[in-house]
Each structure stands twice: as C-alpha cells, then as structure tokens.
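> okay, sequence plus prediction incoming.
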Amino acid sequence: MTFQIALTGINAASTELDTISNNIANNATTGFKRSRAEFADVYATSASSSSGSTVGQGVRVANIRQEHTQGDMLFTDRNLDLAVEGLGFFQVDDDGTANYTRSGNFGLNDEGYIVDNTGNKLQGYGVDTKAEIVPIVTDLQIDYSDLQPNRSTTVELTANLDSKAEATTPITVTAADGTQETVTFSPAYSSTYNFSTSTLVYDSLGSSEVANIYFQKGTDTSWTAYVYVGDQEISDDGGVQLNFDSSGLLTDINGGSTTFQSNEYAPASGGASNMSLLFDFAEITQFDDAFGVNRISQDGFSAGRLEDFDINETGIIFGRFSNGQAKTMGQVTLSNFANESGLRQVGSTSWTETYNSGEPATGAPGSASLGSVQSGALEGSNVDITQELVSMIGAQRSFQANAQVISTGDTLTQTVINIRR
C-alpha cells in the first residue's frame, strides 16, 4: 500500500511540475494565462468503516485551473495590436467554430479581413451602406475601395459684417474701345463690394470649384450678397438682400427665411450633373466690429483613398481617407462568460465555450461588464517567474519526499523478506 500511495504523490508532483514548466515556457506568450494544479486526497472507505481507522489512499489531481487575471500592458506602434483592459475576450472564427482569446496581435489577410496569427478572422459588428454600425456579429474587414465623392448641397456661413462699413457707390468703367459703363457690382472691381469670403464646393464627380460670396453694403440695415461659382453667378440677378434688425441680427433674406436656394448651374467639369446650393446665413450678424468669418462649411467632398485606420477604446474602426474624410468600418466586440475557468483550451492562446463556462455575453467594449479596447498595445502573459520558481522548488521537494517514501518502503519490505532467512 505504501508504494501505491507514494506513487500517487510522485504523479501529483510530476503534474504540478508539468504545469509550472508550461507556465514558464509561456511567460512571453501574448495573452497567456497561467495555470495551477489543484489536488484532493483519496480515501477508500466502506459503509461499515469509520473515519478514525481509515488510512488515506494518496492524492489525485482534482483540477488544472487557469487564472484569468489581467496581464501587463505592452505598448507597441501597430494599430492592429489590441489589448483588453478589463473583462472580455476577442472572438475569432476558426472555420465556423467560435474561439475566444486575449491575444490581440492581429493583422490583415489578402482580402482585408482582420485575422490573428493563425488566420482566424476577428469578429465584430459590421456597417450598412450608410456606414452605421449594425449589431450583428460578422467577420471584420477593412474596405480599401475608394470613398465615393459627395456632391455639395448646403453651405453654412457664420460671420460678422462691420456695421461701420460705408455703403458702396457705382463706378464708371472705360472699356478698351473707349466706351464707358456704370458698374454697380463686379467681382473684378474690389471697390464695388465691402467684404468677401470663399469655400470649395464639389460636383457629382468630386471635382472642386471655388464658391465666392461678396457682401455689398446698401443701407444701415441691409446688405446685398452676390454668390459666384467660378465665373458663374448663382445668386439672383442683382444678388440677394440680407436684412438686419437694430440689434444686428439677421431677420430675413429677400423678405423670407434666413436661407436661400441658388440658381441651378452647370459645373465646369464635363460629365457632372447640374447643381444648386442652399446657403444658410442664419448666423450672420452686423455688429460694430471688424469683418470676420468664424466658420464656413459645406457638405461635399472629393473622392478619397484609404490612408490609414484607427480603433478607439469602444472598438470602433475609423478609416481615414486622403480627402480628409473618415468612415466607420466596423466595431470590434468582446465576449464575457459567467465562469471563465470553465472555458476549454484549444491551443494558440484560445478557448472555446463549454457547458461549465456558460454562454458568451457579447457586446460593444465598455458596455455592461465588458472592458475597453486599447489599440497599439498587447496584453502580456500573467506568469510571474519568481512565483513559478518558488512553486517549482515546492513541487521538487514533494517529488523527492514521495520517492524517499518508496525507498523506505522498499527497505522495510526487504527486512520482512530477510526474516525468513
């Protein structure tokens, strides 16, 4: 009996040494979680036996438990190196099987899918045709196609027109042939207007043209705005009238609202469709202050090519394009389990769901109990080398002690055998 009991101790110590050896071997493995051997004693009792007279039958390995504590954060300069701060696992697709990992050293395959170092595709929420997040888990892919141009439709202007400005007067212009003409307004003569500003607008092909807005003071409470795209005037004949109240706020344009729709015009680039722009001047003021444009914006842009992309702490993937635009391309999701220790290891620092782990709770990073995503970082192994070496010494002593028990048992057996002699 002594031999069998000591043998269970040797086997248990060997298993603990194997576990420690595996921990040490993976001390530099990204996302690795250390394991520990858990033991239980063995008793062989019958219904008539009492615990006071029963000798144990040795020890057994009850469980190899993984400790899912947070590893150290290792910062890198790659935007596809991802780390989870807090609870949760990345979900990857392994030929139709959902695996879960804390190892975030991802890259791209030849089709633009985000994959781990074994080729499994990272899962997350996709986007619809309007680049809005659709909460359905799918393979995440970086779209390298050109961003289609967007035709300008609205121009918004926030500015102040100096109330101290003098009203302009018509000028007389002498042509080359000697004829004279009275000019009330012309972009060619700066004396016919007080102030001007401009912005780029884009046609349906993404070609840009300069839209110029000229302001000409009329009375103490009215100005005339002339709008040109290229050399085409798109405002009404004679411009549009901006009326202000005594406090310097815009009351109306041409007696109506504070916006006006321009005349339709043909863009300079061939093949583009005709355009008409809505100008919003609601934020224009007439104060006793210098002329200044606080903001001028329009909603169009040219075609663009993907230059880079970022992933924020909520897992949103933002593509940045050469035309200055950004586009949402998806969202990395995280999954959490009621019992992380119940997950089954499948290798490559990955786990899969089991009955004991419970079903995964999947959602956006930062929601519910899920942690956040850190781009440009990796979660290191949670193995403490010092702790493992100390544990190894204890396992070695246990192995040696059980081996000594076998040696002592052999001596006693040999003594009994020698009695017959």
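Right, received. Where do you want to start?

> could you pull out the helices in the stretch 301-421 of the chain for me?
385-419 (DSSP state H, counting those that start in this stretch).

> just for it, where's the confidence low?
Applying pLDDT under 70 to the stretch 301-421 of the chain flags the ranges 420-421.

> how about a cut-off of 90?
By pLDDT under 90, the low-scoring segments of the stretch 301-421 of the chain are 347-348, 402-403, 405-421.

> now Thr192, nearest residue through space, not along the chain?
Among residues not flanking Thr192 along the chain, Phe185 sits closest, at 4.6 Å (Cβ to Cβ, 6 or more residues apart in numbering). For every residue, glycine as well, the C-beta is placed using N, CA and C.

> what's the answer for Glu359, then?
Among residues not flanking Glu359 along the chain, Glu353 sits closest, at 6.9 Å (Cβ to Cβ, 6+ apart).

> check Ser196 too.
Per Cβ to Cβ, 6+ apart, closest to Ser196 is Tyr214, 4.7 Å.

> what strand or helix carries that neighbour?
If you go by DSSP states H and E, Tyr214 is part of strand 208-219.

> that strand - what's its average pLDDT?
Taken as a whole, strand 208-219 carries a mean pLDDT of 96.

> equivalent analysis for stretch 253-272, please.
On average, stretch 253-272 scores 92.

> which of the residues in it are classified as buried?
By 16 or more other Cβ atoms under 10 Å, the buried positions in stretch 253-272 come out as 253, 258, 260, 262, 265, 267, 272.

> the fifth one pairs with what?
If I follow you right, that is Tyr265. Applying DSSP bridges to Tyr265 gives these bridge partners: Met275.

> pretty sure it contacts Val227?
No: Tyr265 is beyond contact range of Val227, at 10.2 Å (criterion: Cβ atoms under 8 Å).

> anything in contact with each of the two?
Ile234 (Cβ atoms under 8 Å, 6 or more residues apart in numbering).

> on that earlier part again, so what touches the strand holding Tyr214?
Counting by Cβ under 8 Å, 6+ apart, 155, 157, 161, 165-168, 185, 187, 192-203, 223-230, 239, 241-242, 267-268, 277, 279, 298, 302 sit against strand 208-219.

> what strands line up against it, and which way round?
Strand 208-219 pairs in its sheet with strand 195-202 (antiparallel), strand 222-229 (antiparallel), by DSSP bridges.

> ends of stretch 119-136, what's the gap?
Stretch 119-136 has its terminal residues 22 Å apart, counting by Cα to Cα, to the nearest Å.

> any idea how far Asn109 is from the residue lying closest to Met329 once chain neighbours are set aside?
Once flanking residues are discounted, Met329 sits nearest to Ile317: 4.4 Å by Cβ to Cβ, 6+ apart. The spacing between Ile317 and Asn109, counted by Cβ to Cβ, to the nearest Å, is 16 Å.

> so which of those two has more stuff around it?
More crowded of Ile317 and Asn109, by other Cβ atoms under 10 Å: Ile317, with 25 against 11.

> and the more buried one, what is it in contact with?
Counted by Cβ under 8 Å, 6+ apart, Ile317 has contacts 124, 140, 142, 309-311, 328-332.

> who's it bridged to?
Here Ile317 sits in beta bridges with Ile311, Gly330, going by DSSP bridges.

> ok, back up a step: which SSE is the residue nearest to Thr192 in?
Counting by DSSP H and E, Phe185 is found in no helix or strand.

> re the thing from before, count the residues that sit near the residue nearest to Ser196.
By other Cβ under 10 Å, 23 other residues sit near Tyr214.

> next one: Thr349
Thr349 has 21 neighbours, counted by other Cβ under 10 Å.

> cool, and Phe244?
By other Cβ under 10 Å, neighbour count at Phe244 equals 21.

> might you report the residue contacts of it?
By Cβ under 8 Å, 6+ apart, the contact set of Phe244 is 221-223, 250-251, 285-286.

> which single one of the residues you listed is nearest to Thr2?
Thr285 (99.1 Å; Cβ to Cβ).

> distance check, the closest one against Ile114.
Using Cβ to Cβ, we find Thr285 at a distance of 49 Å from Ile114.

> and the two? which has more neighbours close in?
The neighbour count for Thr285 versus Ile114, taken as other Cβ under 10 Å, is higher for Ile114 (26 against 16).

> if I look at Asn418, how far off is Phe3?
18 Å.

> show me which of these two is the more surrounded one.
Comparing Asn418 with Phe3 by other Cβ under 10 Å, the one with more neighbours is Phe3, at 11 against 8.
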